[in-house]
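Colleague: give me the fold of what follows.
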Amino acid sequence: MPRTQALLLAASALAFTAVPATAQAQPAADPQFETFAPQGAPIDHTIDYSIWDEAMKNLVISMGPSLRETAGSPPQSFGTRRQYGHTSRYRLEGSRIMFSFLDADIRASFTEYRRDLESVADQVDIQSLSRNEQLAYWINLHNVAMIEQIADAWPVRQPRDIKIGGVPLDEARFITVEGIAMSPRDIREKIVFANWSDPKVMYGFWRGEIGGPSIQREAFNADNVARLLDRGARDFVNSLRGTQKTGSTLQVSELYQEAAPFFFDNFEADLRAHIALYADEDTATLLAGTSRLEASVSEPDIADLAGGVREPSYQNIQSADGTQASFRIPQSMQRLLAQREEKFQRIIREGRTGTVTFSNIDLPGDPEGDGEVE
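Modeller: The predicted model follows:
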């Protein structure tokens, strides 16, 4: 059975500092990556991501929208002073990949699928596709590669500790497209950030860390890329890991400083304007109530369910009627999922539900070509 089919079938089985307001220096262009600049008059071709789409629906767990409250310290595991599982104050935000459930066949299928995506560029001129089609391709390739490498290295507390040939994961050039070796960071900065002007593209790239943008529960494609990026932007901007307030200071994610040379020339003014585009009422209040900005928020812990460790203590999972199920999970994971459920019940009680999104639908008054990411 092809590895890509194995991925689909196996995944289905798991369904269960003060910053000055000065201009940012634009990074020097890398000549070898200029070949990936989008070309005019796009050809009418699409790439099928149905396998990855199904995998994401089964491998990703959303922790739901941020309540802008720090998650309290979890209790210690029974019979030991060691703290297993996630202790991050942001552990109830974003989304998680179920790395601890992935066996060798599933991990191998990630590598096979990443290579399949690389080979697409040998069959079709990526640069000649529509801009949205190209953007979806680069985001999916980046995220597949990150999941592949983190899955192979798991258990690991922080993805930034992973090295490939002695090089940190984000800088390692283990991806090859059209004969050019590239790293996840190269894809983000030298291809996408260099050729797209809308800063919302940064929310498509999953870094494997709780402190970064969420990974979506569906693959990106030309039709949904604008919608998913908007969703990711709203989720991140309106979360503690995106924006916080201390006194008169608006504290923001360090990722904004990283992207500043590409999107936020006048860092504070431009970033405030960007945040305002996606801010809900609470975040708008933070913007209005602060007079300075500091890029100081980060959380490098892995965005999984187990906290990047194998816990020796397990607990049986029970169905809603109290009948014992046929599998067990670590106690710390059970606690995390219980906290997640409590959070969702609170969201329902407080009437915070009701978000409606439209995809691939033309509405009255929509401008022609609406949905293309610039």
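
Colleague: where does the stretch 251-374 of the chain have low pLDDT?
Modeller: Applying pLDDT under 70 to the stretch 251-374 of the chain flags the ranges 313-327, 353-370.

Colleague: which residues in it form strands?
Modeller: Secondary structure of the stretch 251-374 of the chain, counting by DSSP state E, counting those that start in this stretch: strands at 292-297, 314-318, 324-330.

Colleague: what's the average pLDDT for stretch 72-84?
Modeller: Averaged across stretch 72-84, pLDDT comes to 60.

Colleague: same question, stretch 135-154
Modeller: The model assigns stretch 135-154 a mean pLDDT of 98.

Colleague: got a list of what residue 46 touches?
Modeller: Taking CB atoms under 8 Å, 6 or more residues apart in numbering, we find residue 46 in contact with 133, 221, 222. C-beta: built from backbone N, CA, C; applies to glycine.

Colleague: likewise residue 63?
Modeller: 91, 92, 93, 94, 95, 96, 340, 343.

Colleague: out of these, the closest to residue 247 would be?
Modeller: Distance to residue 247 across the contacts of residue 63 (CB to CB) is lowest for residue 93, with 22.6 Å.

Colleague: state which helix of the chain is the longest.
Modeller: What stands out as the longest helix in the chain, according to DSSP state H, is helix 131-153.

Colleague: keeping just the C-alphas, turn that one into CSV.
Modeller: Output of helix 131-153 as CSV, limited to C-alpha atoms (Å, rounded to 0.1, in the frame of the first residue of the first chain):
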residue,chain,number,x,y,z
ARG,A,131,-1.0,33.1,-6.3
ASN,A,132,-3.4,31.3,-3.9
GLU,A,133,-2.5,27.9,-5.3
GLN,A,134,1.2,28.7,-4.8
LEU,A,135,0.6,30.0,-1.3
ALA,A,136,-1.3,26.9,-0.3
TYR,A,137,1.5,24.7,-1.7
TRP,A,138,4.2,26.4,0.3
ILE,A,139,2.2,26.4,3.5
ASN,A,140,1.3,22.8,3.2
LEU,A,141,4.9,21.7,2.3
HIS,A,142,6.2,23.7,5.3
ASN,A,143,3.7,22.2,7.8
VAL,A,144,4.1,18.6,6.5
ALA,A,145,7.9,18.9,6.9
MET,A,146,7.6,20.3,10.4
ILE,A,147,5.2,17.5,11.5
GLU,A,148,7.4,14.9,9.9
GLN,A,149,10.5,15.9,11.7
ILE,A,150,8.9,16.5,15.1
ALA,A,151,7.1,13.2,14.8
ASP,A,152,10.4,11.5,14.1
ALA,A,153,12.1,13.2,17.1
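
Colleague: which ones among the contacts of residue 63 are found in helices?
Modeller: Counting by DSSP H, the part of the contacts of residue 63 found in helices is 340, 343.

Colleague: of the contacts of residue 63, which is the nearest to residue 144?
Modeller: residue 95 (15.7 Å).

Colleague: which residues touch that closest one?
Modeller: 60, 61, 62, 63, 214, 215, 216, 217, 303.

Colleague: pLDDT value on it, please?
Modeller: 97.

Colleague: next SSE after the longest helix of the chain?
Modeller: Counting by DSSP states H and E, the element after helix 131-153 in chain order, helix or strand, is strand 163-164.

Colleague: ok now that following strand, how far from the chain's centre?
Modeller: 20 Å (CA atoms, centre = their mean, to the nearest Å).

Colleague: strands of the stretch 51-200 of the chain, start to end?
Modeller: Secondary structure of the stretch 51-200 of the chain (DSSP E, counting those that start in this stretch): strands at 60-62, 95-97, 163-164, 167-168, 175-177, 180-182.

Colleague: need the winner for burial among the ones you listed.
Modeller: strand 95-97 (a mean of 23; mean count of other CB atoms under 10 Å).

Colleague: circling back: wait, which of the contacts of residue 95 is closest to residue 237?
Modeller: The shortest gap between residue 237 and any of the contacts of residue 95 belongs to residue 214, at 11.8 Å (CB to CB).

Colleague: returning to that earlier point: now, of the contacts of residue 63, which are buried?
Modeller: For those, a neighbour count by 16 or more other CB atoms under 10 Å gives the buried set as 91, 92, 93, 94, 95, 96, 340, 343.

Colleague: of those, closest to residue 176?
Modeller: Closest to residue 176 out of the buried ones among the contacts of residue 63 is residue 95 (28.2 Å), distances taken as CB to CB.

Colleague: return the distance of that closest one relative to residue 282.
Modeller: Distance from residue 95 to residue 282, counting by CB to CB, to the nearest Å: 21 Å.

Colleague: one more: residue 226?
Modeller: Using CB to CB, residue 226 is found at 25 Å from residue 282.

Colleague: more neighbours: those two, which one.
Modeller: Neighbours were counted for residue 226 and for residue 282 using other CB atoms under 10 Å; residue 226 has more, 20 against 13.

Colleague: what's the spacing between that one and residue 191?
Modeller: Counting by CB to CB, the gap from residue 226 to residue 191 is 18 Å.

Colleague: again, but for residue 31
Modeller: Look at residue 31 and residue 191: by CB to CB, they are 13 Å apart.

Colleague: the more surrounded of these two?
Modeller: Using other CB under 10 Å as the criterion, residue 31 and residue 191 rank with residue 191 on top: 27 against 7.

Colleague: give me the pLDDT value at the spatially closest residue to that one that is not a sequence neighbour.
Modeller: Residue nearest to residue 191 in three dimensions, not counting chain neighbours: residue 36, with 4.8 Å by CB to CB, 6 or more residues apart in numbering. Note on residue 36: pLDDT of 96.
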